[in-house]
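Trainee: heads up, no residue letters with this:
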Ligand code: SF4
């Protein structure tokens, strides 16, 4: 493997998070929660912006041991055809969703770059904000996605431990640790405005993962100082394959991690998906989390066809409808925001400007 970037081991970039997570830190969990709540209120107000994932395809050539879409899973494979993408988008729009995350597995002949770009063009006709969570691409390819109407990109490093990474990614293009690590920078250089990063919690020792993630955020914010960076906190969920995480993360640690990131990084969007239970999501709303997924379907075609067959990437834990979830937020005096973006902002930007919008 080529040399790791210097930022990955630069402890000065994560010293504040290390201190907030240290067992000897005098702040107990209630004090951290109070400070995280005050910071969230000051910087973001009483709102949670909402998005929903749209699974375009479950074809994949990689063998990630923790994923229900890995190429050795037996469940049927399919991708959405253009008319089905339209139906999915219309079904999502009917739920009030205006912010969509388009997902695919690794690049395959069935669902490659041109397919993804066409899906973005279709989604951009329906939704004010379109983001992707797909395979790593080149700067030129990201530029093409930005031109098609894509403004955001999510890519989790899964684990920041290179040895662990090699063992977990058994085959396929995703085995390349550095290629993945450098992907958010290529996306920003290509004109994508916001990047979302995270570690898949449970794969490796969680404090080390939190510190490496913090360094990654700081590196991106420093290098691309006008970019929007968001942080997700996915924990491994049950999936076809039955992988059991060697470092399970409990609610107490995850809450502490979220509070630490909010206190140390007041302006960064923190994201919690429907992987988490209703109780945990309701508890975290307003305490640091500013962005959540809603009414998620993790099967291909799940919005317009609830009986849609095929594997899920993982089991959803919060199955509440959009109305139920919004009611729960409002009961906590938090306003759910379905549209936090306008297509007028979608003009791609390039070069220096792209890196620093
Ligand atoms: S995590 Fe992504 S790349 Fe890995 S098997 Fe699943 S869909 Fe494929």
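Mentor: Right, received. Where do you want to start? This one's a predicted model, so the numbers in the text were calculated from it and none came from an experiment. Numbers count the residues shown, from 1 in each chain.

Trainee: Tell me which strands the longest strand seen in the chain pairs with, and in which orientation.
Mentor: Ranked by number of residues, the top strand in the chain under DSSP state E is strand 47-55. Paired strands of strand 47-55, with direction, are strand 99-103 (parallel), strand 291-293 (parallel), strand 335-337 (parallel) (DSSP bridges).

Trainee: pLDDT averaged over the second one - what is it?
Mentor: The one in question is strand 291-293. Average pLDDT, strand 291-293: 96.

Trainee: between the helix or strand that it is followed by and strand 47-55, how big is the angle?
Mentor: In the C-terminal direction, the helix or strand that comes right after strand 291-293 (DSSP states H and E) is helix 322-331. Put simply, helix 322-331 runs at 160 degrees to strand 47-55, going by axes from the mean of the first three to the mean of the last three C-alpha atoms, to 10 degrees.

Trainee: sec struct for residue 150, please.
Mentor: coil (DSSP: H, G, I helix; E, B strand; the rest coil).

Trainee: And the lowest mean pLDDT element among the helices and strands of the protein?
Mentor: helix 351-355 (a mean of 38; mean pLDDT, DSSP states H and E).

Trainee: Tell me how many other residues crowd whichever residue of the stretch 101-250 of the chain sits closest to the ligand.
Mentor: When scored by C-beta to the nearest ligand atom, the stretch 101-250 of the chain has residue 105 as its residue closest to the ligand, at 3.4 Å. The way it works is simple: take the backbone N, C-alpha and C, and place the C-beta from them, glycine included. By the criterion of other C-beta atoms under 10 Å, residue 105 has 27 neighbours.

Trainee: Start at 595, not 1
Mentor: Done: numbering now begins at 595, and the last item shifts to residue 699.

Trainee: Need phi/psi at it.
Mentor: Main-chain dihedrals, residue 699, degrees, to the nearest 10: phi -80, psi -160.

Trainee: check contacts around it.
Mentor: 651, 652, 653, 654, 655, 656, 663, 705, 729 (C-beta atoms under 8 Å, 6 or more residues apart in numbering).

Trainee: Let me see the contact set for the third one.
Mentor: The neighbourhood of residue 653, defined by C-beta under 8 Å, 6+ apart, consists of 671, 672, 673, 698, 699, 702, 704, 705.

Trainee: and with 10 Å instead?
Mentor: 663, 665, 671-673, 698-706, 709, 894 (C-beta atoms under 10 Å, 6 or more residues apart in numbering).

Trainee: just curious, which of these is nearest to residue 685?
Mentor: Comparing the contacts of residue 653 against residue 685 with C-beta to C-beta places residue 894 closest, at 13.4 Å.

Trainee: Could you find the closest non-adjacent residue to the closest one?
Mentor: Nearest residue to residue 894, sequence neighbours excluded (C-beta to C-beta, 6 or more residues apart in numbering): residue 649, at 4.8 Å.

Trainee: List the beta-bridge partners for that neighbour.
Mentor: residue 697.

Trainee: Could you look up the next helix or strand downstream of the longest helix seen in the chain?
Mentor: Taking DSSP state H as the criterion, the chain has its longest helix at helix 800-817. Using DSSP H and E, the next helix or strand after helix 800-817 towards the C-terminus is strand 822-826.

Trainee: Report the separation between the residue of the stretch 695-844 of the chain closest to the ligand and residue 662.
Mentor: 10 Å (C-beta to C-beta, to the nearest Å).

Trainee: Kindly report the same for residue 877.
Mentor: 27 Å.

Trainee: ok, now residue 728?
Mentor: 17 Å.

Trainee: How about residue 885?
Mentor: Taking C-beta to C-beta, one finds residue 885 at 24 Å from residue 662.

Trainee: Alongside the ligand, which residues does the stretch 745-894 of the chain contribute?
Mentor: Those residues of the stretch 745-894 of the chain that sit near the ligand, judged by C-beta under 6 Å from any ligand atom, are residue 768.

Trainee: if you set the cut-off to 8 Å instead, what comes out?
Mentor: Within the stretch 745-894 of the chain, the positions near the ligand by C-beta under 8 Å from any ligand atom are 752, 763, 766, 767, 768.

Trainee: What's the local residue count around the second one?
Mentor: Using other C-beta under 10 Å, residue 763 is surrounded by 23 other residues.

Trainee: Pull the number of nearby residues for the residue nearest to residue 745 when sequence neighbours are not counted.
Mentor: Leaving aside its chain neighbours, residue 745 sits nearest to residue 787 (4.8 Å; criterion: C-beta to C-beta, 6+ apart). When neighbours are counted by other C-beta under 10 Å, residue 787 registers 23.

Trainee: So residue 787 sits against residue 778, correct?
Mentor: No. The pair formed by residue 787 and residue 778 falls short of the contact definition of C-beta atoms under 10 Å, at 12.0 Å.

Trainee: what do those two both touch?
Mentor: By C-beta under 10 Å, 6+ apart, the residues touching both residue 787 and residue 778 are 747, 821.

Trainee: Now for residue 650: which residues touch it?
Mentor: 672-674, 678-679, 682, 696-699, 705, 709-710, 713-714, 717, 726, 728, 894-895.
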